[in-house]
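Undergrad: here is my input, please return the structure:
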Amino acid sequence: MKSIIAVCSLLVASVAAVPLEARTAQSVTFALSNDKSGAYAGAAFSADGTDKTITSLFGTSSVASGGHVWATSSQLTAFPQTINCVLKNNGAVLTTLTAQHTYFDLDGNPSAAIPVDLTGAVINCSA
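TA: Numbering: from 1, shown residues only. Below you'll find the model as predicted:
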């Protein structure tokens, strides 16, 4: 009987030591639009703090053409409230997207739809 109590005590101690909230990376959905062509595509991926190339996420989507990824805007469409995503193109930071700032006009001109080549871009998200 004492051995059963000891085993049960050990199991209770083990379960109590496991955090209530496991630290797994949360998912985020990031979308690109090309208002010139009408193309739109979204990609879901883990917000694990690693660079994801735009080509790997969108290279076979409707915003891809001729081996390039073209978009006029970017947007977070599904995300945790603590999200922080940095979008870089050829090493230059284009924008940081958060739960409060979910949209970015890539060409910088809200009056025009000028597609930007994002073939050399990466996005890095963490929550």
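
Undergrad: can you give me the strands in this protein?
TA: Using DSSP state E, the strands of the chain run over residues 27-34, 39-46, 48-53, 64-65, 68-71, 73-78, 84-89, 92-98, 103-105, 116-117, 121-126.

Undergrad: lowest-pLDDT helix or strand in this protein?
TA: helix 2-17 (a mean of 45; mean pLDDT, DSSP states H and E).

Undergrad: so what pLDDT did the closest residue to F79 other than its chain neighbours get?
TA: Nearest non-adjacent residue to F79, counting by Cβ to Cβ, 6 or more residues apart in numbering: V28, 4.7 Å away. For glycine as for every other residue, the C-beta is placed from the backbone atoms N, C-alpha and C. On pLDDT, V28 comes in at 98.

Undergrad: okay, and the beta partners of V28?
TA: V28 forms beta bridges with F45, as assigned by DSSP bridges.

Undergrad: Q81 is in contact with that one, correct?
TA: No: in this structure V28 lies outside contact range of Q81 using Cβ atoms under 8 Å: 11.4 Å.

Undergrad: pick out whichever of those two has more residues nearby.
TA: V28 (25 against 9; other Cβ atoms under 10 Å).

Undergrad: A43: how many residues sit nearby?
TA: A43: 17 neighbours (other Cβ under 10 Å).

Undergrad: ok, V63 next?
TA: Counted with other Cβ under 10 Å, V63 comes out at 24.

Undergrad: how close does it get to Y40?
TA: Distance, V63 to Y40, by Cβ to Cβ, to the nearest Å: 7 Å.

Undergrad: repeat that for T50.
TA: T50 is 25 Å from Y40, by Cβ to Cβ.

Undergrad: between the two, which one's more packed in?
TA: A direct count of neighbours by other Cβ under 10 Å for T50 and Y40 places Y40 higher, at 16 against 13.

Undergrad: much appreciated, bye for now.
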